[in-house]
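Enquirer: okay, predicted coordinates and the sequence, questions at the end:
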Amino acid sequence: MIINTGLVILAYLAGSLASAVIVCKALGLGDPREQGSGNPGATNVLRLYGKTPALLTLCGDVLKGLVPVLILRYLQAPDVFVAAAGLAAFGGHIYPLFFGLRGGKGVATLIGVLLGFHWLLGAAFVLTWLLAALLTRYSSLAAIIAALATPLYCWLLVAAAPYITAAGLMSAVLVWRHRSNMRNLLKGAEDRISFKR
């Protein structure tokens, strides 16, 4: 119980490591929170600095969601602690302790958490995002669509209450974090996905 609780706290601390800020600083680039959309995530880093920093950011954000969940699963912790670790890592990304509580929107970290819950669950999110992104060319809209589908995917693939609850909460928060994007979409002012750089 104590060990599991401690690991959930460590999951939050791992989630608090802002990959975008760390990667950009290590590469001598600017703080992505001060440029572009202001979001410290892979999409903003891609628009600002290109593919390599964005890929490194994406990997860091996915891993900080995936690794804590896998550790709890490896230790055969009860489902409620595994789910809590996922929630904690996701929460740390959105409200990072080490970066003034100014975090990202949570898409990549959510993917990592879902992959930890069940690899098919993570794959379903990614495939839904890819299909929606290809059809709309809006990263934010693709993320919202994938998030809305995630609780259903979790119910179909995992069917365990702690995971379904965690997936529902994370999906709801992710959609809420995209509220400015939704306003821009309604105005026709949202940036489309571009791979020119």
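Expert: Everything's here; your move. Only a predicted model underlies this, so the values are computations on that prediction, with no experimental measurement involved.
Enquirer: for the lengthiest helix in the chain, packing partners?
Expert: Looking across the chain with DSSP state H, the single longest helix is helix 51-74. Identification of packing neighbours for helix 51-74 by 3 or more C-beta pairs under 8 Å, 6 or more residues apart in numbering; DSSP states H and E yields helix 2-15, helix 19-26, helix 42-49, helix 79-94, helix 107-117. Every C-beta, even on glycine, is put in place using the N, C-alpha and C of the backbone.
Enquirer: let me see the backbone angles for Tyr95.
Expert: For Tyr95, the backbone dihedrals (degrees, to the nearest 10) come out as phi -120, psi 80.
Enquirer: and the lowest-mean-pLDDT helix or strand in the chain, what does it pack onto?
Expert: The helix or strand of the chain with the lowest confidence, counting by mean pLDDT, DSSP states H and E, is helix 42-49 at a mean of 88. Identification of packing neighbours for helix 42-49 by 3+ C-beta pairs under 8 Å, 6+ apart yields helix 19-26, helix 51-74.
Enquirer: I'd say Pro162 and Ala77 touch.
Expert: No: with contact defined as C-beta atoms under 8 Å, Pro162 and Ala77 do not form a contacting pair (10.8 Å).
Enquirer: pLDDT below threshold where in the chain?
Expert: The model of the chain has pLDDT under 70 over residues 194-197.
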